[in-house]
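>>> Test case, fold it:
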Amino acid sequence: MPEWLLWFSRLENSKIVALLLFFFTFCGILIYVYTGKKRSERLESYKYMPLLDDEEDLNADNGEEKNDERSKS
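Numbers count the residues shown, from 1 in each chain. Prediction:
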């Protein structure tokens, strides 16, 4: 077996490799998310998405079902 493969098989070495792999992946995700003006504006617009459904439900007329629920029956 090649020497470098035996180096990875030792637990103390594989921990360092895994730590570096996850660290650089995390840094890559941060760079992707926080760079680019359009991307940051788009991600900020998703902030209130869960609350938008609640407003539609509150604006329903006299508790009527929505159209998509009527079409299912």
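
>>> and for the longest helix along the chain, what are the contacting residues?
Secondary structure of the chain per DSSP state H: the longest helix is helix 11-34. Surrounding helix 11-34, the residues in contact under the criterion C-beta atoms under 8 Å, 6 or more residues apart in numbering are 7-8, 39-40, 43. For the C-beta atoms, the positions are set from N, CA and C on the backbone; glycine is no exception.

>>> pLDDT at the closest residue in space to residue 40 that isn't next to it in sequence, what is it?
Setting aside the residues directly before and after it, residue 40 is nearest to residue 34 in space (C-beta to C-beta, 6 or more residues apart in numbering), at 6.9 Å. For residue 34, the model assigns a pLDDT of 82.

>>> residues near residue 34, how many?
For residue 34, the neighbour count with other C-beta atoms under 10 Å is 10.

>>> Against residue 42, how distant is it?
13 Å (C-beta to C-beta, to the nearest Å).

>>> what stretches of this structure score poorly on pLDDT?
Across the chain, residues meeting the criterion (pLDDT under 70) sit at 54-73.

>>> picking up where we left off before, return the subset of the contacts of helix 11-34 lying in strands.
Applying DSSP state E to the contacts of helix 11-34, no entry is found in strands.

>>> Now render the residues you listed as TSV, adding distance to residue 27 and neighbour count.
TSV is the format used below for these (distance: C-beta to C-beta, whole Å; neighbours: other C-beta atoms under 10 Å):
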residue	distance to residue 27	neighbour count
7	24	11
8	22	10
39	17	12
40	17	12
43	18	12
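
>>> Go through the residues you listed and flag which are in helices.
Checking the contacts of helix 11-34 against DSSP H, those in helices are 7-8, 39-40, 43.

>>> now these as TSV including distance to residue 14?
Shown next, in TSV, are the ones in helices among the contacts of helix 11-34 (distance: C-beta to C-beta, whole Å):
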residue	distance to residue 14
7	9
8	6
39	34
40	36
43	35
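
>>> Cheers, nothing more for now.
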